[in-house]
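# sequence first, predicted coordinates after that:
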Amino acid sequence: MIDKSLEEALRALSASDMYPFHMPGHKRRTDLAGGAAAIDITEIDGFDDLHCAEGLLLEAQQRAAAFYGAKRTFYLVNGSTSGILAAVCACARRGGEIIAARNSHRSLFHAARLRELSVYWAMPDPAEGEAAKAGINGPVSAEKIEGLLREHPGTCAVFVTSPTYDGIVSDIGAIADAAHRAGAVLIVDAAHGAHFGLHPDFPENACGQGADVVVHSLHKTLPSLTQTALLHLCSDRVSPDRIGEWLRILMTSSPSYVMMASMDSCIRLLEKEGEALFSAFASRLKAFRKEAKEWKTFRLPETDDPSRLLIGTGNSGLTGRELAEIFRRVYHLEPEMEAAGYVLMLTSIADTDEGFIRLAAAMRELEEKYVPQAEAAQTGALVPGSEELPETAMTIAEAMDAPARAVSFAESAGKICAEFLYQYPPGIPLLAPGEKITPGIIGLARRLAARGYALQGMADHSLGTIRIVAEAEKE
């Protein structure tokens, strides 16, 4: 058993007289490369190798697995994206079939291309109450997954996102039961749920609900550096060797020791001080939500994750983008994300009393300035609904590998898309390659662009043209 944390070992090396005749090229000189260079090394003696871990890094990953109750945990230094890619590629045979929630991150779509998969989409259920008014999607139901499994008995994997960016949780236990009865494995993108299960106020973690593979982004909701994430194997249905093989293919062969030290430090912190940190965090959230109940103009929709402060524009007459700009310009509060009818203020155990006090004070001022209007701002037209799900004409891989040409986006209805179109964040495609473009999607994309939302994936970012499958026009 190694007593030192990875960071302690790195700092001890930095303080020693061991001269680095090895990569990286900055040679740990902080005067040339900045402070992080002091503990930035490569795979040298005594520091293990992530892709063949036997010592320090093996124990660090075992510590994370024990903390989350997983059978095995892999460090990810390319974020949850690399974990999702590896999980899907390991669980789905080439040319196979999977069922996936439509509100999946773009990495799921990319994995489908890599493995030439046929994907059957499960649309989220509508949200309820204030969440619905703000334009938030609800969960994916187990009944919907069961129905798709009956329709497609060749399905080898089910993929769902829980929690979503907005903090919506699906019934992972019921979905896992449905998948396993059909002989499929369940992969859960829980990138935004690494803090779940660590305090009674938060939902149960997917690792303990029957999922076979769970991917967590430590950096999203816990004190860890950007790009740090974990892939957990929670059953024997998925081969750890297959996962390791795909991680070697998809992830860098030179993983950052600074990032890995951050992950190790995060897990150690949670082991030692997690209870106290989460108790204080939960108290701050409760105090803020109690005050929010007195708002007359703005709204704070309830979702499953209390740490997601979704500040709805309510009856203010503002759009989410306008409210976000007020937070930045007037109050120097930077939101995580703005949507049509709300602004997401992401919180964590690292937030301070000062941060919550400033946000509460800002909301009191905004409540005084924006008196309720007769009707709420109409934002639903900026939210894709189930009627917007395009028809799949070919697989993502077939469409992306086929000859393509650019046509006017405004006149592209009925054509087969050859590229992605998604709003970022959160990176969920409105259109994927192989899908028929609909008038509804064209209108939605143009409305989003007119409001200033970032649309990515298309070669022409102006939305003037879109690439379509050229050969399909001849048929």
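Nice, I can see it.
# what are the ranges of the helices in the stretch 151-300 of the chain?
Along the stretch 151-300 of the chain, the stretches classed as helices by DSSP state H, counting those that start in this stretch are 172-181, 218-221, 240-250, 257-292.
# out of those, which is closest to Leu463?
helix 218-221 (29.2 Å; C-beta to C-beta). Yep, even glycine has a C-beta here, placed from its N, CA and C like the rest.
# what does the closest one rub up against?
Applying C-beta atoms under 8 Å, 6 or more residues apart in numbering, the external contacts of helix 218-221 come out as 79, 191-195, 224-230, 262-263, 266, 307, 346, 348.
# show me how far stretch 396-403 is from its chain's centre.
Here stretch 396-403 is found 26 Å from its chain centre; the criterion is C-alpha atoms, centre = their mean, to the nearest Å.
# stretch 81-99 now?
The chain centre lies 16 Å from the centre of stretch 81-99; the measure is C-alpha atoms, centre = their mean.
# just the buried residues of it, please?
81-92, 96-99 (16 or more other C-beta atoms under 10 Å).
# okay, the helices of the stretch 151-300 of the chain in a markdown table with distance to His152, mean pLDDT and mean neighbour count next?
Listed next are these as a markdown table, based on distance: least, C-beta to C-beta, whole Å; pLDDT from 0 to 100; neighbours: other C-beta atoms under 10 Å:
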| stretch | distance to His152 | mean pLDDT | mean neighbour count |
| --- | --- | --- | --- |
| helix 172-181 | 12 | 98 | 20 |
| helix 218-221 | 32 | 96 | 24 |
| helix 240-250 | 22 | 98 | 16 |
| helix 257-292 | 37 | 97 | 18 |
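# who wins for proximity to Thr30 among the ones you listed?
helix 257-292 (12.6 Å).
# could you say what helices and strands the closest one packs with?
Here helix 257-292 touches helix 6-15, helix 56-68, helix 218-221, helix 353-369, going by 3 or more C-beta pairs under 8 Å, 6 or more residues apart in numbering; DSSP states H and E.
# among those helices, which is the most enclosed?
Comparing the helices and strands packed on helix 257-292 by mean neighbour count (mean count of other C-beta atoms under 10 Å), helix 218-221 comes out on top with a mean of 24.
# put the alpha carbons of that helix into PDB.
What follows is helix 218-221 as a C-alpha-only set of coordinates in PDB (Å, rounded to 0.1, in the frame of the first residue of the first chain):
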ATOM      1  CA  LEU A 218     -15.400  14.700 -11.700                       C
ATOM      2  CA  HIS A 219     -14.600  18.100 -13.100                       C
ATOM      3  CA  LYS A 220     -18.200  19.100 -13.700                       C
ATOM      4  CA  THR A 221     -19.500  18.900 -10.100                       C
END
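# hang on, Val158 packs against Glu97?
No. Contact criterion C-beta atoms under 8 Å: Val158 and Glu97 do not qualify, at 10.6 Å.
# before we move on, back to that, now distance to Ala66 too, for the helices of the stretch 151-300 of the chain, in TSV please.
Below are the helices of the stretch 151-300 of the chain laid out as TSV (distance: least, C-beta to C-beta, whole Å):
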stretch	distance to Ala66
helix 172-181	21
helix 218-221	15
helix 240-250	16
helix 257-292	9
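# need the helices and strands packed on helix 257-292 in TSV (columns: distance to Ala339).
Below are the helices and strands packed on helix 257-292 laid out as TSV (distance: least, C-beta to C-beta, whole Å):
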stretch	distance to Ala339
helix 6-15	37
helix 56-68	30
helix 218-221	17
helix 353-369	18
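# let me see the domain layout of this structure.
Using automatic domain parsing, the domain parsing of the chain gives 284-369, 386-474.
# of all those, which lies closest to Ser107?
Taking the domains of the chain one by one with C-beta to C-beta, domain 386-474 is closest: 8.1 Å.
# how far away is the closest residue to Glu204 other than its chain neighbours from Cys207?
Leaving aside its sequence neighbours, Glu204 sits nearest to Gly197 (C-beta to C-beta, 6 or more residues apart in numbering; 5.4 Å). Distance, Gly197 to Cys207, using C-beta to C-beta, to the nearest Å: 8 Å.
# look at the nearest residue to Ile243 once chain neighbours are set aside and tell me its secondary structure.
Using C-beta to C-beta, 6+ apart and skipping the chain neighbours, the partner closest in space to Ile243 is Ala90 (5.0 Å). Taken by DSSP: H, G, I helix; E, B strand; the rest coil, the conformation at Ala90 corresponds to helix.
# low-confidence ranges in the stretch 301-450 of the chain?
Within the stretch 301-450 of the chain, the stretches with pLDDT under 70 are 374-388.
# show me the strands in it, by range?
Using DSSP state E, counting those that start in this stretch, the strands found in the stretch 301-450 of the chain span residues 308-312, 337-338, 342-346, 404-408, 421-423, 428-431.
# ok, and for the fourth one, which residues are buried?
Going back to what we said before, that points to strand 404-408. Neighbour-count burial for strand 404-408, counted by 16+ other C-beta under 10 Å, picks out 404, 406-407.
# what are the pairing partners of that strand, and which direction each?
strand 465-469 (antiparallel) (DSSP bridges).
# before we move on, what about the third one?
In the sheet containing strand 342-346, its partner strands are strand 308-312 (antiparallel), strand 337-338 (antiparallel), by DSSP bridges.
# contacts for it?
Residues outside strand 342-346 that contact it (C-beta under 8 Å, 6+ apart) are 134-136, 165-166, 220-221, 299, 301, 307-313, 320, 323-324, 327, 333, 335-338, 359.
# now it against helix 353-369, angle please.
Angle, strand 342-346 to helix 353-369, by axes from the mean of the first three to the mean of the last three C-alpha atoms, to 10 degrees: 160 degrees.
# residue contacts, the residue minimising distance to the centre of the chain?
Central residue of the chain (C-alpha atoms, centre = their mean): Ala191, 4.7 Å from the mean position. By C-beta under 8 Å, 6+ apart, the contact list for Ala191 reads 80, 105, 161, 215-217, 220, 229.
# as JSON lines, these with distance to Leu117 would be great.
Listed next are the contacts of Ala191 as JSON lines, based on distance: C-beta to C-beta, whole Å:
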{"residue": "Ser80", "distance to Leu117": "19"}
{"residue": "His105", "distance to Leu117": "15"}
{"residue": "Thr161", "distance to Leu117": "17"}
{"residue": "Val215", "distance to Leu117": "18"}
{"residue": "His216", "distance to Leu117": "23"}
{"residue": "Ser217", "distance to Leu117": "23"}
{"residue": "Lys220", "distance to Leu117": "26"}
{"residue": "Ala229", "distance to Leu117": "22"}
